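Asker: What follows is a predicted structure for the sequence shown.
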Amino acid sequence: MPKLNANNAILILFVLLSLFLAGCKTRKSVENTALVMESMEMFSSSPSVVQPRTSLSGNLRLTINIDGKPLSAKGTLRIKEECGVQIGMTALGVVEVASLEFLPENLRIIYKLGKEYTEIPYSDLSFLQQTGIDYRLLESVLMNRAFSPDGRPFVQAMNEMSYAVEGDCITATTRETKGIVYKFYLDKATGELVQSEGLHAGGGKVVCSYSDFRTVDGVTFPHTILLSIYGVGSDVSLQFALERVDMDDFKFTPRRISSSYGKLNAQQILKSLGNM
C-alpha cells in the first residue's frame with residue numbers, strides 16, 4: 001500500500017473523527033471505518049487522482065457504434081484540458097479525411113473529402129441530456145480521471161462518498177448531483193481507475209472502462225478506453241485503441257472550416273463516412 005503523505009493522513013483523520021462523533025461504536029461500524037480508511041488511502045494516492053493529466057495526444061484506432069451501426073478508422077487523438085477533444089480520422093494512416101471535435105460549447109464533425117461539416121450544441125443532443133454528459137465529464141473520463149461532480153478537487157469530496165468492495169475493486173460512489181450519481185472502480189492490486197459510471201435519474205447511463213495500462217516516461221495510462229453512452233432509446237459507444245500516448249503539452253487549435261464546406265446534419269455525414 002502506498003505511504004500516506006501529510007495531506008492524505010489529515011484527510012483520513014478528519015473522516016475518522018466524523019465517524020466517531022456520529023457514534024460509530026459497533027463492530028460493523030469499526031469494519032466500515034477500516035474500509036473507509038483503506039479506500040480513501042487508495043483513491044487519494046491513485047494515479048487517476050494525483051497525476052497531472054492536462055494534455056494527451058497519440059495515434060489510435062477508433063470504433064464508433066451508433067445503435068448497432070459500427071464505423072472504424074485509424075487516426076489521432078488530442079485532448080487539451082478546458083480546450084477540446086480532437087479526433088482526426090485518416091485514410092491509409094496518412095491523410096486526414098474527417099475530424100470529430102468535442103469542444104466546450106459544441107460537437108463538430110468535419111468531413112474533408114466531402115467538404116461537409118456539422119456543429120451541434122450539446123443541448124440539442126437528447127441522448128447526452130438523458131445521461132447528464134457535458135464537456136467537462138467527457139474530458140475527465142477520456143483522461144482516466146476520478147472527478148468530483150461539483151467541480152471540487154476529488155480529494156476534497158472524498159469524505160462525502162460511500163465506499164464498498166466489489167470483487168477485485170474498491171468503489172467510491174458520489175452523492176447525487178443534478179440528478180446524477182457517479183461511481184468509480186479502483187483496482188485493489190494496482191491502484192488504477194479501471195471504470196467510471198454515471199447513472200442519471202432520467203434513466204440514462206454512462207460507462208467508461210479502461211484496460212491495457214502501460215507506463216511511458218513514468219506515466220501510466222490505459223491504451224484501451226471504451227466509452228458507452230446509454231440514452232433512452234439510443235446507444236452510442238466509442239472505443240479508443242491507443243497505439244501511442246504522449247502527455248507533453250501542446251497548443252490546441254480547432255480545425256478550420258472552409259467557406260466552401262456545406263453544412264449537413266450529423267446523420268448524413270456519418271452515413272457518408274460509413275460508405276468510405
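Answerer: Yes, it's here. Numbers count the residues shown, from 1 in each chain.
Asker: C-alpha only now, for contacts and for neighbours.
Answerer: Fine.
Asker: Which secondary structure state is assigned to Met158?
Answerer: Counting by DSSP: H, G, I helix; E, B strand; the rest coil, the backbone at Met158 sits in helix.
Asker: That one touches Met42, doesn't it?
Answerer: No - contact between Met158 and Met42 fails when scored by Cα atoms under 8 Å: they sit 11.2 Å apart.
Asker: Would you confirm that Thr171 belongs to a strand?
Answerer: Yes - applying three-state DSSP, one finds Thr171 inside a strand.
Asker: which residues does the closest residue to it other than its chain neighbours contact?
Answerer: Take Thr171 and drop its neighbours on the chain: the residue closest to it by Cα to Cα, 6 or more residues apart in numbering is Tyr185, 4.6 Å away. By Cα atoms under 8 Å, 6 or more residues apart in numbering, the residues touching Tyr185 are 169-172, 193-196.
Asker: now do Ala172
Answerer: 39, 161-164, 183-185.
Asker: which of the contacts of Tyr185 has the most neighbours?
Answerer: Highest neighbour count within the contacts of Tyr185: Leu193, with 27 neighbours (other Cα atoms under 10 Å).
Asker: List the beta-bridge partners for that residue.
Answerer: As for beta bridges, Leu193 partners with Leu186 under DSSP bridges.
Asker: where exactly do the helices run in the stretch 51-200 of the chain?
Answerer: 126-129, 135-142, 154-157 (DSSP state H, counting those that start in this stretch).
Asker: Over the second one, what's the mean pLDDT, rounded is fine.
Answerer: Same thing as helix 135-142. If you average the pLDDT over helix 135-142, you get 90.
Asker: do the same with stretch 59-69
Answerer: Here the average pLDDT along stretch 59-69 is 87.
Asker: do stretch 38-55 as well
Answerer: Averaged across stretch 38-55, pLDDT comes to 90.
Asker: Quickly name whichever of the contacts of Tyr185 is closest to Thr54.
Answerer: Of all the contacts of Tyr185, Thr54 sits closest to Leu193, with 16.9 Å by Cα to Cα.
Asker: I'd assumed Asp187 was in contact with that closest one.
Answerer: Yes - contact criterion Cα under 8 Å: Leu193 and Asp187 qualify, at 6.4 Å.
Asker: in the chain, which segments are predicted with low confidence?
Answerer: Where the chain drops to pLDDT under 70, the residues are 1-31, 93, 127, 232, 266-276.
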